[in-house]
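> what shape does this take:
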Amino acid sequence: MISVVCDAGPLIALSGIGQAGLLHGLFGEVLVSGKVRDEVEAGGTTGAGANLFADAPWIRVIHLTDPPDPLLETLLDQGEAETIALALQSSAALILMDERKGRKIARSIYGLAVIGTGRLLTEAKKAGLIPAVRPLIDQMRGHGYWLSDKIVTEILRQAGE
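A predicted model of the protein is given here:
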């Protein structure tokens, strides 16, 4: 199992469709920052994720030993900045983040490996944890999680659907 640091968006999206356990199935332990925990417990706009930490002991909240790089705090919201900072602090192999700007900064400036929720779903299908990606994407969108048609088409192509 690899070490993964997760941002709030994917946790809220997966919680909203009852699939947060996919993270545990693929990665074992998931690391989050204190700010990400706060955002997830707030539940986004739908309340999804409000009870996630009580139900998922495999999610570990790690407090940063140093504040995020000021560049991160200038360009990103606090949760995304802390996610990247935590990945650097913990030498995590992977970040799970959906926000495009945060993903680009994590990759291009810090050299971190980043995937999004869509890729996570394709990996879950390949691992036999779910039978199909399309119904879960449809549920996420139905719960207000925004994914462009172009991204959905690419996710489904990668999933062979």
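> average pLDDT for stretch 93-106, rounded please.
Average pLDDT, stretch 93-106: 94.
> which strands and helices lie in contact with the helix or strand containing Lys101?
Element membership for Lys101 (DSSP states H and E) is helix 100-108. For helix 100-108, the contact count by 3 or more CB pairs under 8 Å, 6 or more residues apart in numbering; DSSP states H and E identifies helix 70-75, helix 78-90, strand 114-115 as packing neighbours. Where C-beta positions appear, they are placed from N, C-alpha and C, glycine not excepted.
> tell me which helix or strand of this protein sits lowest on mean pLDDT?
One helix or strand of the chain scores below all others by mean pLDDT, DSSP states H and E: helix 52-55, with a mean of 78.
> may I see the buried residues of that one?
Neighbour counts using 16 or more other CB atoms under 10 Å place Leu52, Phe53 of helix 52-55 among the buried residues.
> give me the secondary structure label for the closest residue in space to Gly34 that isn't next to it in sequence.
Computed as CB to CB, 6 or more residues apart in numbering, the closest residue to Gly34 that is not its neighbour in sequence is His63, at 5.5 Å. Applying DSSP: H, G, I helix; E, B strand; the rest coil to His63 yields a three-state assignment of coil.
> pretty sure His63 is touching Val32, no?
No. The pair His63 / Val32 is not scored as a contact, 10.5 Å apart, by CB atoms under 8 Å.
> which one's more surrounded, the two?
The neighbour comparison of His63 against Val32 (other CB atoms under 10 Å) goes to Val32, with 27 against 11.
> ok so, going back, can you spell out which helices and strands pack onto the least confident helix or strand of the chain?
helix 34-42, strand 59-61.
> go again with 10 Å.
Secondary-structure packing of helix 52-55 (3 or more CB pairs under 10 Å, 6 or more residues apart in numbering; DSSP states H and E): helix 8-16, helix 34-42, strand 59-61.
> thanks a lot, catch you later.
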